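Chemist: quick one: sequence and predicted model below, then my questions.
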Amino acid sequence: MKALVTGGAGFIGSHLVERLIRDGHEVIALDDLSSGRWENLAPVKDAPGLHRVEADITDKAAIRPHFEGVDWVFHLAGKADIVPSIEHPDIYYATNVQGTFNVLECGRAANIKRLIYAASSSCYGIPDVYPTPEDAAIRPQYPYALTKYLGEEMVLHWAQVYGLPALSLRLFNVYGPRSRTTGAYGAVFGVFLAQKLAGRPYTVVGDGSQSRDFTYVSDVADAFACAAASDISGKVFNVGSGHHYSINELVGHLGGAVEYIPKRPGEPDCTFADIRRIHAQLGWAAKVDFATGVARMLEAIELWREAPLWDAGSIHDATRSWFKYLGDH
Ligand code: UDP
């Protein structure tokens, strides 16, 4: 197959590109390099089937030619992180909503065979039900979550109205080597690994009893591959490990001292995917357990040497808008 991966130089995108190349597909990795980098594709850089394109999905004319002759589109390009989404909703709308519209329209014009969208489990907000099934209430808590959800709605709408074969995967807390090492505060693994390298305490939010469905990135790449190979369309699937692990457990695996920082408004005490649907319909299940995944992160810890080093004070400053807008007002 000829596959186009938007966000192909990013964290999850680069693992997916690697997986598709190893499966023998031809792959166009398209990225604007705002947070991705071509070095992420180093393991497959000499593969004859890999093509790199620097382009921004908000520029429809620039991306359109790269859809010619493409069978599968994996749409992972997007703006992540909570605080910048609160401060600059326009940028998040442009990339995550308008950019997704552009990808759908280019895909439709090029008559692609399938589109798989990287959606976010943040659409569930603070859920009532655990494990959380796909038909749980939708409650985005901040513009990142809202714009990713609007993108998902468009993908499903294009499947419904235009018959574009498409699926949406709601990803739960993806972790693994190459998770972002620059920019805004966010994603606990990068924060903690940089702290470990510097011999500084881990900044644990609340009492650390909150838990997340941490899902290892190669399992996520596998879920995209399963989604592309299936002929189901117009559906949403949770992609999670089917377990949940507390921050205290994570600290136990990493080892070292902690300092506690205030609990943040609008964040769930637990994320925990109900993965029965994806298991039944796509035959997918996570393979990498948490201890193994964390051990692999520790083997790759040098990757976070250049990551920003956060402490209680700098996190307090960086999350001002979070407390201001998501707290009671
Ligand atoms: N977390 C933490 N310290 C940090 C950053 C995050 O204890 O410096 C916790 C946070 O409370 C949450 C989990 O780690 O329970 C995952 O946070 P992340 O920002 O990675 O993802 P999200 O909150 O979007 O699930």
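Modeler: Everything's here; your move.

Chemist: the ligand versus residue 16, what's the distance?
Modeler: 20 Å (CB to the nearest ligand atom, to the nearest Å). The C-beta positions use only the backbone N, C-alpha and C, and glycine is treated the same way.

Chemist: in this structure that residue contacts residue 5, no?
Modeler: Yes - using CB atoms under 8 Å, residue 16 is in contact with residue 5, at 5.7 Å.

Chemist: got any residues that touch both of these two?
Modeler: When contacts are counted by CB atoms under 8 Å, 6 or more residues apart in numbering, residue 16 and residue 5 have 74, 76 as shared neighbours.

Chemist: wait, isn't residue 259 in contact with residue 201?
Modeler: Yes - using CB under 8 Å, residue 259 is in contact with residue 201, at 4.3 Å.

Chemist: overlap in contacts of the two?
Modeler: With CB under 8 Å, 6+ apart as the test, residue 259 and residue 201 both reach residue 311.

Chemist: of those two, who's got more company?
Modeler: Counted by other CB atoms under 10 Å, residue 259 and residue 201 do not tie: residue 201 has more neighbours, with 17 against 12.

Chemist: report pLDDT for that one.
Modeler: On pLDDT, residue 201 comes in at 98.

Chemist: need the contact list for the closest residue to residue 93 other than its chain neighbours.
Modeler: Leaving aside its sequence neighbours, residue 93 sits nearest to residue 147 (CB to CB, 6 or more residues apart in numbering; 5.8 Å). By CB under 8 Å, 6+ apart, the contact list for residue 147 reads 79, 85, 89, 92, 93, 95, 96, 97.

Chemist: report the two of the residues you listed separated the most.
Modeler: 85 and 97 (11.9 Å; CB to CB).

Chemist: with neighbour numbers in mind, choose between those two.
Modeler: Neighbour comparison, residue 85 and residue 97: the larger count goes to residue 85, with 23 against 19 (by other CB under 10 Å).

Chemist: for stretch 252-271, list every residue counted as buried.
Modeler: For stretch 252-271, burial by neighbour count (16 or more other CB atoms under 10 Å) applies to 254, 258, 261, 266, 267, 268, 270, 271.

Chemist: and it, how far from the chain's centre?
Modeler: In terms of CA atoms, centre = their mean, to the nearest Å, the centre of stretch 252-271 is found 20 Å from the chain centre.

Chemist: which strands or helices does the worst-scoring helix or strand of the chain on mean pLDDT pack on?
Modeler: Using mean pLDDT, DSSP states H and E, helix 320-326 stands out as the lowest-scoring helix or strand of the chain, at a mean of 93. Using 3 or more CB pairs under 8 Å, 6 or more residues apart in numbering; DSSP states H and E, the elements in contact with helix 320-326 are helix 83-87.

Chemist: contacting residues around the helix or strand just after the helix it packs on?
Modeler: Elements were assigned by DSSP states H and E; along the chain past helix 83-87, the next helix or strand is helix 89-92. Helix 89-92 is touched from outside by 79, 84, 85, 143, 144, 147, with contacts defined as CB under 8 Å, 6+ apart.

Chemist: excluding its backbone neighbours, what's nearest the fifth one?
Modeler: I take that to be residue 144. Residue 144 sits nearest to residue 85 (CB to CB, 6+ apart), 3.6 Å away.

Chemist: I figured residue 79 hits residue 93, correct?
Modeler: No - with contact defined as CB under 8 Å, residue 79 does not count as touching residue 93 (9.5 Å).

Chemist: the more surrounded of these two?
Modeler: residue 79 (20 against 17).

Chemist: and the more buried one, which helix or strand is it part of?
Modeler: Assigned by DSSP H and E, residue 79 belongs to no helix or strand.

Chemist: please report the distance of it from residue 35.
Modeler: 8 Å (CB to CB, to the nearest Å).

Chemist: next: residue 154.
Modeler: Note on residue 154: its distance to residue 35, by CB to CB, is 22 Å.

Chemist: related to what we said a few turns ago, export the contacts of helix 89-92 to a markdown table and tack on distance to residue 102?
Modeler: Output for those, formatted as a markdown table (distance: CB to CB, whole Å):
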| residue | distance to residue 102 |
| --- | --- |
| 79 | 14 |
| 84 | 21 |
| 85 | 19 |
| 143 | 19 |
| 144 | 19 |
| 147 | 14 |
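
Chemist: which of those sit farthest apart?
Modeler: Top of the distance list for these (CB to CB): 84 and 147, 11.8 Å.

Chemist: pLDDT score for the residue in the stretch 201-329 of the chain that the ligand sits nearest to?
Modeler: Using CB to the nearest ligand atom, the closest approach of the stretch 201-329 of the chain to the ligand is made by residue 205 at 3.3 Å. Per-residue pLDDT puts residue 205 at 97.

Chemist: can you give me the helices in the chain?
Modeler: 11-22, 60-63, 83-87, 89-92, 99-109, 143-162, 188-198, 217-229, 247-254, 276-282, 290-299, 312-318, 320-326 (DSSP state H).
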